[in-house]
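Visitor: Structure for this input, please:
(2 chains)
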Amino acid sequence: MRVIGWSQNVAVIASVLVLLPTCEPAQLYLANHTVVGINAKVNPEQGNGILVIGYDRTFATVIPRSVEQQENGLVTRDAMSALVCSNLVVDGITIRRYTESLATGQAATNFANNSWRAEQRGSGSQDQKFL
Amino acid sequence: MSVSGCSVNGVGFSTSEVIRANGAVVILTRTLGGALRTGPDGAGLAIGYTKTLAVAPDSPAAPRPGDYVFGVSAADLPLAAVIRRVVGIDFGLNREMVGATIGFSEDATFARIPSDTSILRRLVLSPDDPAGIELRFCREPAPCE
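Guide: Below you'll find the predicted structure:
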């Protein structure tokens, strides 16, 4: 049996910690994967692996968790802003139709702010009517 | 009679059909035999029957509508969505997948947008009706249609 010494363990852990940030996704990613048969794979971006024998369908959305942005002259980091409404129609094992409305970044923030303001105006007028 | 061979990024022993859709150009490629993909996002090798539907924004750089006997490459186009069906063996060696599939597989990428991009997009994707595919998008601060 081969035994790894503590110094090698520390080196392995340190290298994993160094490499982890490089696995951080830098793109918004929407995908669907279907398999009928045998599928063995590892996802380097998400850091997981899977073995499928038979039928499997996966719909995944990956949103970057750390995006550099300017706020009041300061550079900050936050999750990527994204608004997505999607509809996937599947018949049997194949895709029949996919519909998507998507906004990212400042466009998503503006859309959310405008929707919130419109909602506030709507509820305000309803309150006035109620009063 | 079907002839099998090899193709690289859809060019080789492939047939492609380029269809103009609503705001998009759709490239439908069929390959029988080996299909090598070299792009960083979908690099791999499929052996068997491969059918790929690629949707790109309509632009002067897109190939002209028509049939292409030896296929057409979509590797240099800014693709909005890709659906790839493989019957056979599919090896993947890219950012999303390192592994292999035996049997039927369908890989669909609906969006791949860099984290610092501000964009509004509307996509209607119907693989069985390529001419009915719709793609509308704008990048701020350009006004949206």
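Visitor: Flag every residue of chain B that's near chain A.
Guide: For chain B, the residues in contact with chain A (CB under 8 Å from any CB of the partner chain) are B:81, B:83, B:85, B:92, B:95-128, B:140. To be clear about C-beta, it is placed using only N, CA and C from the backbone, and glycine gets the same treatment.
Visitor: What does B:Arg20 show for phi and psi?
Guide: Dihedral angles of B:Arg20 (phi, psi; degrees, to the nearest 10) stand at phi -90, psi 130.
Visitor: tell me what the lengthiest strand in chain B is packed against?
Guide: Looking across chain B with DSSP state E, the single longest strand is strand B:98-114. Judged by 3 or more CB pairs under 8 Å, 6 or more residues apart in numbering or on different chains; DSSP states H and E, strand B:98-114 is in contact with strand A:27-43, strand A:94-104, strand B:81-93, strand B:119-125.
Visitor: what's the average pLDDT for it?
Guide: Average pLDDT, strand B:98-114: 93.
Visitor: So which residue is dead centre in chain B?
Guide: Note on chain B: the residue nearest the mean C-alpha position is B:Ala54, at 2.6 Å, using CA atoms, centre = their mean.
Visitor: which strands and helices sit next to the helix or strand hosting that residue?
Guide: Using DSSP states H and E, B:Ala54 sits within strand B:44-57. Applying 3+ CB pairs under 8 Å, 6+ apart, one finds that strand B:44-57 contacts strand B:24-37, strand B:81-93, strand B:134-139.
Visitor: Poorly predicted segments of chain A, please.
Guide: A:1-24, A:45-46, A:123-131 (pLDDT under 70).
Visitor: if you go through it in chain order, where are the helices?
Guide: With DSSP state H, the ranges of helices along chain A come out as A:6-19, A:105-130.
Visitor: Filter the residues of chain B next to chain A down to the buried ones and hand me the PyMOL line.
Guide: Here is the PyMOL command that selects the buried residues among those (16 or more other CB atoms under 10 Å in any protein chain shown):
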select buried, chain B and resi 81+83+85+92+95+96+97+98+99+100+101+102+103+104+105+106+107+108+109+110+111+112+113+115+118+119+120+121+122+123+124+125+126+127+140
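Visitor: Let me see the contact set for the nearest residue to A:Asp56 once chain neighbours are set aside.
Guide: Closest residue to A:Asp56 apart from its sequence neighbours, by CB to CB, 6 or more residues apart in numbering or on different chains: A:Val35 at 5.3 Å. Applying CB atoms under 8 Å, 6 or more residues apart in numbering or on different chains to A:Val35 gives the contacts A:Val52, A:Tyr55, A:Asp56, A:Arg57, B:Thr101, B:Gly103, B:Phe104, B:Ser105, B:Glu106.
Visitor: correct me, but the fourth one touches A:Asn32?
Guide: Yes. Under the criterion of CB atoms under 8 Å, A:Arg57 is in contact with A:Asn32, at a separation of 7.2 Å.
Visitor: who's the nearest residue to B:Ala24 once chain neighbours are set aside bridged to?
Guide: Leaving aside its chain neighbours, B:Ala24 sits nearest to B:Leu135 (3.8 Å; criterion: CB to CB, 6+ apart). Beta-bridge partners for B:Leu135, by DSSP bridges, are B:Leu123.
Visitor: Just give me the neighbour total for B:Leu135.
Guide: For B:Leu135, the count of nearby residues is 21 (other CB atoms under 10 Å in any protein chain shown).
Visitor: Same check on A:Glu119?
Guide: 10.
Visitor: What separation is there between it and chain B?
Guide: Distance, A:Glu119 to chain B, by CB to the nearest CB, to the nearest Å: 20 Å.
Visitor: which ones are touching the residue in chain A that chain B sits nearest to?
Guide: Minimum separation of chain A from chain B (CB to the nearest CB) falls at A:Gly37, amounting to 1.7 Å. A:Gly37 is in contact with B:Thr101, B:Ile102, B:Gly103, B:Phe104, B:Ser105, counting by CB under 8 Å, 6+ apart.
Visitor: If we only consider those residues, which is nearest to chain A?
Guide: Of all the contacts of A:Gly37, the one with the least separation from chain A (CB to the nearest CB) is B:Gly103, at 1.7 Å.
Visitor: The closest one bridge partners, please.
Guide: B:Gly103 has these beta-bridge partners by DSSP bridges: A:Gly37, B:Gly88.
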